[in-house]
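*Asks:* I would like the atomic coordinates for the input below:
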Amino acid sequence: DTEDRIQSIYAGRVSASPHKYTDGHYLTVRAAAESDSAYRLVFETDGRLVTRYRAGVRPQVEYVEGCA
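*Replies:* Residues are numbered from 1 along each chain as shown. This is a model prediction of the structure:
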């Protein structure tokens, strides 16, 4: 999918930040339900297309290098 598609699907719940290693972005999606506020989806992009994604609990899901 494209960055625009992610923004459209999760409208109002996406925050974008620069990717640490590429010209892309991290698109972080908040859960719709307040009771699930600890959970996030993180889409990594090349600036246009999604290249990877992950889901999990904050703060670990937002670690750039992953959780080891």
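*Asks:* for this protein, what spans make up the helices?
*Replies:* 3-9 (DSSP state H).
*Asks:* for it, give me the ranges with low pLDDT.
*Replies:* In the predicted model of the chain, residues 66-68 satisfy pLDDT under 70.
*Asks:* so how far is residue 30 from residue 48?
*Replies:* Residue 48 sits 23 Å away from residue 30 when distances are taken as CB to CB, to the nearest Å. All C-beta spots, glycine's among them, are computed from the backbone N, C-alpha and C.
*Asks:* so for these two, which residue has more residues nearby?
*Replies:* residue 30 (17 against 12; other CB atoms under 10 Å).
*Asks:* quick check: that one touching residue 13?
*Replies:* Yes: shown here, residue 30 and residue 13 form a contact pair, counting by CB atoms under 8 Å, at 4.5 Å.
*Asks:* and the closest residue to residue 26 other than its chain neighbours, how far from residue 35?
*Replies:* Leaving aside its chain neighbours, residue 26 sits nearest to residue 17 (4.9 Å; criterion: CB to CB, 6 or more residues apart in numbering). Separation of residue 17 from residue 35 (CB to CB): 25 Å.
*Asks:* of those two, who's got more company?
*Replies:* residue 17 (12 against 8).
*Asks:* now do the contacts for the residue nearest to residue 26.
*Replies:* For residue 17, the contacting residues are 25-26, 28, by CB atoms under 8 Å, 6 or more residues apart in numbering.
*Asks:* give me that answer again for 10 Å
*Replies:* 25-28, 42, 62, 64 (CB atoms under 10 Å, 6 or more residues apart in numbering).
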